[in-house]
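Trainee: have a look; sequence and predicted model below, questions after that.
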Amino acid sequence: MSLDLRGLTPAPVTPFTRDGEIDYAGIKKLGSWLGGIDGVKGLVVLGHAGEGTFLTSDEQTRVIEAFVESVKGEVPIIAGITREGDYVAAEEAKRAVKAGATAGLVYPSHGWLRFGYQEGAPQERYRRIHEESGLPLILFQYPDNTKATYNLQTQLDIVSQPGVFAMKNGVRNMKRWDTEIPVIRAEYPELQILTCHDEYLLHTMFDVDGALVGYGGIAPEPLIEMIKAGKAQDYAKARELHDRLLPVTKNVYHRGSHMEGTVALKWALVARGILDNATVRAPLRPLAEGADKQIADAMHQAKLV
Ligand SMILES: N[C@@H](CC=O)C(=O)O
C-alpha cells in the first residue's frame, strides 16, 4: 500500500461504550465510514483525538487491529507513537506493526514540553523508532508556544532521515509557517506537508499537500473539498467552506482547550448517527449540560446532518 497522504487524513476518536470499555462495534462503524470516503488517504489512530495515551498497551493493540479490520485495506492505518522514552516508543512502534499499522506519527517525548530537548535528541528518537520497527514515520511539529517545537534545522535533519515521509505541522506561528515551509519544501520536495491547524484550516490550506486533523473525523466531505480548493488556490471556494463550517469549528475547537475538542468530536459523531454516546476517559471530562445540543445544532447549520 503506498503512503500518499496528499488529501485528508482524519485522526478519529476512539469510541467507548457507556461503561467506558472500548466499543469495537463503534470502531467498525466509524472506520468503515471514513475509510470508504473518496479523498480520505489514511486514518491516524491513537493520537490526541483518539485518547491513545489513555489506553493500556493491550487496548492500543486491539484498537489498531479493529481499525485495520474496519477499513478493509482501503486506506492505511497510522498509529500515534507516544511513549516518552525512545526505547519504549520503539517497542510501542513494533507492537503497532504487529497489529497492522502501516506508518507511525511520532510525538515528542513528553518532558520536552516543559524542559525542552537536547540538541540531536529528536533526530535520534526518529532514527531509533524507524530502525527498530521499520515503520515509515510522520514528523509531528508541535506549536511554537511549547518547548517541544522543533527549530528549522531539527526539522530538516529529521526529514532527511530514512523512513520520514511526511510532516504534520501544527506550529501556530505564522512567521514560522511562512518562512520555514518554503525552505523545507525546497530541500525536500517529496516530503508530504500536512496541516493540523484544526482551528485555522482556511489560513493554512494553501501551502500544504493535505490535512491530518481530528476535524476530518467528523466533517470529511467539506474538508476534502477545502483541500482541493487550497491546491487550486481557489480562495473563494475555501472561504465558502470555512464559513459553512464555522458554527462547527466554534463548537468543537473554540470551546476551550483542544482537549475539550475531543469530547466535542464525539458529540458531533453522535449527531451524525455514527456513535451512540460520547463517553471519554479521564482526565477528559464530559462537556457542560446542553453542549450536545449546541454541537448538534452546529452540525445541522453546516449541513453535516
Ligand atoms: N490538531 C492538533 C491535534 C493533535 O494531534 C494539533 O495541532 O496537534
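Mentor: Alright, I've got the coordinates. Numbering: from 1, shown residues only.
Trainee: for the stretch 51-200 of the chain, which segments are assigned as strands?
Mentor: 77-81, 103-106, 137-141, 164-169, 192-195 (DSSP state E, counting those that start in this stretch).
Trainee: the strands in the stretch 201-305 of the chain, which residues?
Mentor: 210-213.
Trainee: the ligand contacts on that one?
Mentor: Within the stretch 201-305 of the chain, the positions lying close to the ligand (C-beta under 6 Å from any ligand atom) are 213-214, 258. (Each C-beta comes from the backbone N, C-alpha and C, glycine too.)
Trainee: R114: which of these is nearest?
Mentor: Taking C-beta to C-beta as the measure, R114 lies nearest H258 of those, at 17.5 Å.
Trainee: any idea which residue of the stretch 51-200 of the chain lies closest to the ligand?
Mentor: G170 (3.0 Å; C-beta to the nearest ligand atom).
Trainee: contacting residues around that residue?
Mentor: Neighbouring residues of G170 by C-beta atoms under 8 Å, 6 or more residues apart in numbering: 140-143, 195-197.
Trainee: same question for A89.
Mentor: 81-83, 106, 109, 125, 128-129.
Trainee: next: E240.
Mentor: Taking C-beta under 8 Å, 6+ apart, one finds nothing in contact with E240.
Trainee: okay, now the unreliable bits of the stretch 201-305 of the chain?
Mentor: When residues are selected by pLDDT under 70, none of them lie in the stretch 201-305 of the chain.
Trainee: need the helices for it, in chain order.
Mentor: Using DSSP state H, counting those that start in this stretch, the helices assigned to the stretch 201-305 of the chain run over residues 201-204, 220-231, 235-253, 258-271, 291-301.
Trainee: report all helices and strands that the shortest one contacts.
Mentor: So the one you mean is helix 201-204. helix 220-231, helix 235-253 (3 or more C-beta pairs under 8 Å, 6 or more residues apart in numbering; DSSP states H and E).
Trainee: tabulate the ones you listed (a markdown table), appending distance to I274.
Mentor: Formatted as a markdown table, the helices and strands packed on helix 201-204 follow (distance: least, C-beta to C-beta, whole Å):
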| stretch | distance to I274 |
| --- | --- |
| helix 220-231 | 11 |
| helix 235-253 | 15 |
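Trainee: most tightly packed of the ones you listed?
Mentor: Of the helices and strands packed on helix 201-204, the one with the most neighbours on average (mean count of other C-beta atoms under 10 Å) is helix 220-231, at a mean of 21.
Trainee: what angle do helix 235-253 and that one make with each other?
Mentor: Calculated by axes from the mean of the first three to the mean of the last three C-alpha atoms, to 10 degrees, helix 220-231 forms an angle of 140 degrees with helix 235-253.
Trainee: ok, now how distant is the residue nearest to G39 when sequence neighbours are not counted from M205?
Mentor: Excluding the flanking residues, the one nearest G39 by C-beta to C-beta, 6 or more residues apart in numbering is I224, at 3.6 Å. As judged by C-beta to C-beta, to the nearest Å, I224 and M205 stand 12 Å apart.
Trainee: same deal with A296?
Mentor: Distance from A296 to M205, by C-beta to C-beta: 26 Å.
Trainee: could you check which of those two has the larger neighbour count?
Mentor: M205 (24 against 18; other C-beta atoms under 10 Å).
Trainee: top of the residues of the stretch 201-305 of the chain next to the ligand by number of neighbours, please.
Mentor: V213 (28 neighbours).
Trainee: show me what residue of the stretch 1-150 of the chain gets nearest to the ligand.
Mentor: For the stretch 1-150 of the chain, C-beta to the nearest ligand atom, closest residue to the ligand: H48, 3.9 Å.
Trainee: isn't that residue up against E260?
Mentor: No: between H48 and E260 there is no contact under C-beta atoms under 8 Å: 11.5 Å.
Trainee: returning to what we had before: which pair in the contacts of A89 spans the largest distance?
Mentor: T82 and R128 (14.9 Å).
Trainee: these two: who's more crowded?
Mentor: More crowded of T82 and R128, by other C-beta under 10 Å: T82, with 22 against 15.
Trainee: look at I138 and report its pLDDT.
Mentor: Among the per-residue scores, I138 shows a pLDDT of 98.
Trainee: what about it, neighbour count?
Mentor: Neighbour number of I138 under other C-beta under 10 Å is 27.
Trainee: quick check: bridge partners of it?
Mentor: L105, A166 (DSSP bridges).
Trainee: how many residues are close by the residue lying closest to E260 once chain neighbours are set aside?
Mentor: Nearest residue to E260, sequence neighbours excluded (C-beta to C-beta, 6+ apart): L287, at 7.0 Å. The number of residues packed near L287 is 20, by other C-beta under 10 Å.
Trainee: show the contacting residues for Y24.
Mentor: 62, 66.
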